[in-house]
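Asker: just the structure for this:
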Amino acid sequence: MQYKTIIMEMLAFRTQIQDQLPMDENPLETLDRLALELKTLHEMYKEQLAPSRADSHPVLISSEALEMALKDLEDRLLPASPVDEPDVFSLDAAMTFLRRHSQKK
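Answerer: Coordinates of the predicted model:
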């Protein structure tokens, strides 16, 4: 499996992830680190899926696990809110929202 190639493709299509990566790090070191993280996630998801999918072909399990690993990694690397989105709540609006919802319980 070419995890570095997968990471390079992900970064090419998700430029907002590139903006979140540390600038002081060597790009090759960043690529290696992300590829290793993807590999670790992929192996973890394969191990989790295998028992519940004993009748599935290992290639299908591996494919599904890779999709899950990529989604997991993307979610962790993407900013919490879109870059071009203005602040959703001011502090006052957030506090009002929390008060209103905590009183309902």
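
Asker: what distance do you get for Glu25 to Asp32?
Answerer: According to Cβ to Cβ, to the nearest Å, Glu25 stands 10 Å off from Asp32. For glycine as for every other residue, the C-beta is placed from the backbone atoms N, C-alpha and C.

Asker: again, but for Lys46
Answerer: Taking Cβ to Cβ, one finds Lys46 at 21 Å from Asp32.

Asker: and those two? Which one has more around it.
Answerer: Of the pair Lys46 and Asp32, Lys46 is the one with more neighbours under other Cβ atoms under 10 Å, namely 19 against 14.

Asker: after the helix or strand encompassing the more buried one comes which helix or strand?
Answerer: Assigned by DSSP states H and E, Lys46 belongs to helix 27-52. Sequence order places helix 58-77 as the next helix or strand after helix 27-52, per DSSP H and E.

Asker: alpha carbons only: can I get that next one in CSV?
Answerer: Listed next in CSV are the C-alpha coordinates belonging to helix 58-77 (Å, rounded to 0.1, in the frame of the first residue of the first chain):
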residue,chain,number,x,y,z
PRO,A,58,-10.0,-9.6,3.0
VAL,A,59,-9.7,-7.1,0.1
LEU,A,60,-13.2,-5.7,0.9
ILE,A,61,-12.4,-5.4,4.6
SER,A,62,-9.1,-3.6,3.8
SER,A,63,-10.8,-1.2,1.4
GLU,A,64,-13.5,-0.3,3.9
ALA,A,65,-10.9,0.1,6.6
LEU,A,66,-8.9,2.4,4.4
GLU,A,67,-11.9,4.6,3.7
MET,A,68,-12.6,4.8,7.4
ALA,A,69,-9.0,5.6,8.2
LEU,A,70,-8.9,8.4,5.5
LYS,A,71,-12.1,9.9,6.8
ASP,A,72,-10.7,9.8,10.4
LEU,A,73,-7.5,11.4,9.4
GLU,A,74,-9.2,14.1,7.3
ASP,A,75,-11.6,14.9,10.1
ARG,A,76,-8.7,15.4,12.5
LEU,A,77,-6.7,17.5,10.0
